[in-house]
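Enquirer: sequence and predicted structure are below.
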Amino acid sequence: MEEVQCDGKKYVAYRQDLGNLPLIVVKAKAGYIACSYIDKDTAEKVGDVAAFVSGVKNMDDFLRAKIRSTTTWAEDMGIREGMSVKKALEIMDSTIKK
């Protein structure tokens, strides 16, 4: 576990080397953004506010990535495919999960 900063805000990040790419998850107040090692269908099934990126090799890549997919709950917050990770984290950080 580590702390990452994005636009002056601090987030908890989980990073673990696995196979060819690391597993990375960054947690905001109302949800998380994860690499594609995390299964979207499971996140959807359990009601997570989640967005997903792919092909990231390190935390800098992750923070510069664009959202590839989201759960229904993340979409309801306004997080969309193609949005920057920074913007998605901002939305998740300023929204209280209901």
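Expert: Everything's here; your move.

Enquirer: state the distance from the residue nearest the centre of the chain to residue 18.
Expert: The centroid of the chain falls nearest to residue 33 when counting by C-alpha atoms, centre = their mean (0.8 Å). Applying C-beta to C-beta, to the nearest Å, the value for residue 33 to residue 18 is 17 Å. Placement of C-beta: from N, CA and C, glycine included.

Enquirer: same check on residue 77?
Expert: 28 Å.

Enquirer: more neighbours, those two?
Expert: For residue 77 versus residue 18, neighbours defined as other C-beta atoms under 10 Å are more numerous around residue 77 (20 against 9).

Enquirer: quick one: contacts for the more buried one?
Expert: Counting by C-beta atoms under 8 Å, 6 or more residues apart in numbering, residue 77 touches 30, 31, 49, 91, 92, 95.

Enquirer: and the furthest pair within the residues you listed?
Expert: 49 and 91 (9.6 Å; C-beta to C-beta).

Enquirer: these two: which is more packed in?
Expert: Comparing residue 49 with residue 91 by neighbour count (other C-beta under 10 Å), the higher total belongs to residue 49, at 25 against 20.
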